[in-house]
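Enquirer: Build me a model:
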Amino acid sequence: MRTLLLFLVLMGFWLLLSGQFDKTFLVVSGIVSCLLAVYCCHRLKLMNENYQPVESLPRFITYLPWLIGQIILASIDVTRRSWGASSAIQPRFVKVPVKIDHPLAKTLLANSISLTPGTVTVDVEEDHYLIHALTDEAEEGVLDGSMEKRISVMIPGYKPENPPQSAEDSP
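Expert: Now for the predicted structure:
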């Protein structure tokens, strides 16, 4: 079931990006490349619930608009600062503790941080990420744990040992 679902998602994504529905060679090339990708995932033992929690799709669909909103807000902030005074940008490296240990959640967190303008995940360790942040606000945004909290609740049945605490959850 997961194999077929992965193939269908990859094929749909390929068709969406290529826009080529009428050229036989291109469609066959897309099918072959999707089959090869599925085969590689199967050989790497990535076809299990840890890496493909199908049940998390509805939660991911609700996470995506929030992430897009954060990307837009951060883009506006970085643009405003880059056109403003040079002192508005103070780049620094930040060591961000990470409490989740689910492999998919950790990957999603690192990529979500990098997608948000003003922050880039530079290094991933077991218990922390090294993040490059352009401003104080970007640093506070990755340290507050709100993104980690949203991601950890997306994984069905996943209960982190030490759930991330946001400022709102603190007594």
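
Enquirer: Tell me which helix or strand residue 105 sits in.
Expert: helix 103-115 (DSSP states H and E).

Enquirer: What are the contacting residues of the helix or strand following that helix?
Expert: Per DSSP H and E, the first helix or strand lying C-terminal to helix 103-115 is strand 119-124. Contact with strand 119-124 is made by 74, 93, 106, 110-111, 113-114, 129-134, 138, 141-142, as judged by C-beta atoms under 8 Å, 6 or more residues apart in numbering. Glycine gets a C-beta too; all of them are placed from N, C-alpha and C.

Enquirer: Name the residue closest to the centre of this protein, please.
Expert: Compute the mean C-alpha point of the chain, and by C-alpha atoms, centre = their mean the closest residue is residue 108, 3.1 Å away.

Enquirer: That one: what's its closest spatial neighbour, skipping adjacent residues?
Expert: Spatial nearest neighbour of residue 108, chain neighbours left out: residue 151 (5.3 Å); criterion: C-beta to C-beta, 6 or more residues apart in numbering.

Enquirer: how far away is the residue of the chain most remote from its centre from residue 108?
Expert: Largest separation from the mean C-alpha position in the chain: residue 24, at 33.7 Å (C-alpha atoms, centre = their mean). For residue 24, the distance to residue 108 equals 36 Å [C-beta to C-beta, to the nearest Å].

Enquirer: Also residue 14?
Expert: 22 Å.
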